[in-house]
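Asker: Test case, fold it:
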Amino acid sequence: MLETPRKSPSEPPERPDPPDGHQGGEAIALPSHVVGSGALDRLVETARDYARQAASDNTRKAYAKDWTHFARWCRMRGTDPLPPAPQLIGLYIADLAAPGGKAPALSVASIERRLSGLSWGYAQRGQPLDRRDRHIASVLAGIRRRHARPPMQKEALLPEDLREMLATLPHDLRGLRDRTILLIGFAGGLRRSEIVGLDVGRDDTPDSGGWVEILEDGVLITLRGKTGWREVEIARGSSDLTCPVHALTQWLHYARIDFGPLFVAVSRNGLKATDKRLSDKHVARLIKRSVRDAGLRPDLPEDERVRLYSGHSLRAGLASSAEVDERYVQKQLGHASAEMTRRYQRRRDRFRINLTKAAGL
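Answerer: Now for the predicted structure:
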């Protein structure tokens, strides 16, 4: 039976948590028995910088929110999140799956993400959490068995959809930028964070996620994705209207960008590019707005059809449209397995290989 641990009155007060999103750096320090020096202090700061880079800003922010939610949940029940108690974590995820109040139940994927956030939070505080403990693992297994559902997939943006979306964009600097984002994102099968993380050249900015090189036959993108560094080749298209390479060269020319972030904000009058890098949220908003303006899926109410599309719709569109060997699509998307690539293929040629007949039936 799960028991809720309570803090003993004799325990010393806890040290306040550092600001959200920064635990990864501040957790690095010299051992208590080592005397500090200028050289060692500089190494501590260097180690903290590397520790902060262990996860993306968005991941750290999400994990920090997970920890804040759990800490508040503990306080409301008269207990503390520290030290880690598997029994308490088991009660917490059970409440997430079947809340007693008006709060909505979380999906299995969301609960697993919360657990990852808590594991990260405990690790930053020097108190690792054992997710394999029976009080956590058995409860989570039961939640998966009862509540697990197939993942909800976003709609793929097919080439004909993309053409209609491009037609809705204005013919100014802002429209040229957004047209380039959609075409590069689709042809490269890029995640939205990978799109906005690109620089013009290598090592242009400290927060660079990659850079581009325009060649005679296309664009070579070197980027840092979820699976590490990889190269993405984007060849020239059959028409300037839909060619991602042509759009990119036009954007760089008219925006007068030759250094720093590739995709930046535009001034309010739409006449000048700033030096401020776009956030990945811009890509999501751009896709939803263009879908709405293009009138895709007119059979559905507007709010519902807009929810069908997201940044992943570009990647799914390439995977579903490219009539090439599957391994080339897998390489372009940066997937470690063919199975992951197949999840992005919304209109696969199903039953092309008939194993029933091949087995003699």
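
Asker: Residue 225 touches residue 197, doesn't it?
Answerer: No - proximity of residue 225 to residue 197 does not meet the contact threshold set by C-beta atoms under 8 Å, at 9.3 Å. Placement of C-beta: from N, CA and C, glycine included.

Asker: Which residue of the two possesses the greater neighbour count?
Answerer: With neighbours defined as other C-beta atoms under 10 Å, residue 225 and residue 197 compare such that residue 197 has more, 25 against 17.

Asker: For the more buried one, give its distance to residue 120.
Answerer: Taking C-beta to C-beta, to the nearest Å as the measure, residue 197 falls 22 Å from residue 120.

Asker: same question, residue 184
Answerer: In this structure, residue 184 lies at 32 Å from residue 120, with C-beta to C-beta as the measure.

Asker: what about these two, which has more around it?
Answerer: Neighbours were counted for residue 184 and for residue 120 using other C-beta under 10 Å; residue 184 has more, 26 against 22.

Asker: SS state for the more buried one?
Answerer: helix (DSSP: H, G, I helix; E, B strand; the rest coil).

Asker: who's in contact with it?
Answerer: Contact criterion C-beta atoms under 8 Å, 6 or more residues apart in numbering gives 190, 195, 219, 234, 244, 247, 248 as the residues in contact with residue 184.

Asker: can I assume residue 205 is in contact with residue 275?
Answerer: No - under the criterion of C-beta under 8 Å, residue 205 lies out of contact with residue 275, with a separation of 9.7 Å.

Asker: the more surrounded of these two?
Answerer: Summary of the neighbour comparison: residue 205 and residue 275, criterion other C-beta under 10 Å, with residue 205 having more neighbours (16 against 11).

Asker: That one falls within a helix, correct?
Answerer: No - counting by three-state DSSP, one finds residue 205 to be coil, located in no helix.

Asker: what residues are up against it?
Answerer: Applying C-beta under 8 Å, 6+ apart, the residues near residue 205 are 199, 260, 261, 277.

Asker: with the residues you listed in mind, which one is nearest to residue 339?
Answerer: Of all those, the one with the least separation from residue 339 (C-beta to C-beta) is residue 199, at 32.4 Å.

Asker: and the residue nearest to residue 243 when sequence neighbours are not counted, what does it touch?
Answerer: Taking C-beta to C-beta, 6 or more residues apart in numbering, and ignoring the residues beside it in sequence, residue 243 has residue 237 as its nearest neighbour in space, at 3.5 Å. For residue 237, the contacting residues are 187, 243, 244, 245, 246, taking C-beta under 8 Å, 6+ apart as the criterion.

Asker: How about residue 36?
Answerer: Shown in contact with residue 36 (C-beta under 8 Å, 6+ apart): residue 30.

Asker: how close does it sit to residue 30?
Answerer: From residue 36 across to residue 30, the span is 6 Å (C-beta to C-beta).

Asker: got it, and residue 58?
Answerer: 30 Å.

Asker: Residue 304 too?
Answerer: Residue 304 sits 56 Å away from residue 30, taking C-beta to C-beta as the criterion.

Asker: Pick out whichever of those two has more residues nearby.
Answerer: Neighbours were tallied for residue 304 and for residue 30 using other C-beta under 10 Å; the higher tally belongs to residue 30 (14 against 10).

Asker: isn't residue 159 right next to residue 317, touching?
Answerer: Yes - here residue 159 reaches residue 317: they are 7.4 Å apart, a contact under C-beta under 8 Å.

Asker: So between those two, which is more surrounded?
Answerer: Taking residue 159 and residue 317 together and counting by other C-beta under 10 Å, residue 317 has the greater number of neighbours (24 against 14).

Asker: State the next helix or strand along the chain beyond the helix ranked longest in the chain.
Answerer: The single longest helix within the chain, with elements called by DSSP state H, is helix 57-76. Where DSSP states H and E defines the elements, the next helix or strand beyond helix 57-76 is helix 86-97.

Asker: Run through the neighbouring helices and strands of that next one.
Answerer: Using 3 or more C-beta pairs under 8 Å, 6 or more residues apart in numbering; DSSP states H and E as the contact criterion, the elements in contact with helix 86-97 are helix 57-76, helix 108-124, helix 134-147.

Asker: got those as TSV, with mean pLDDT columns?
Answerer: Compiled in TSV, those are given as follows (pLDDT from 0 to 100):
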stretch	mean pLDDT
helix 57-76	92
helix 108-124	94
helix 134-147	95
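
Asker: Need the winner for burial among these.
Answerer: For the helices and strands packed on helix 86-97, average neighbour numbers computed from mean count of other C-beta atoms under 10 Å are highest in helix 108-124, which has a mean of 19.

Asker: just how off-centre is that helix within its chain?
Answerer: Taking C-alpha atoms, centre = their mean, to the nearest Å, one finds the center of helix 108-124 at 16 Å from the center of the full chain.

Asker: hang on, the earlier thing: neighbour-wise, which one of the contacts of residue 237 leads?
Answerer: The member of those surrounded by the most neighbours (other C-beta under 10 Å) is residue 187, with 28 neighbours in all.

Asker: give me every residue that touches that one.
Answerer: Neighbour list for residue 187: 234, 235, 237, 244, 318 [criterion: C-beta under 8 Å, 6+ apart].
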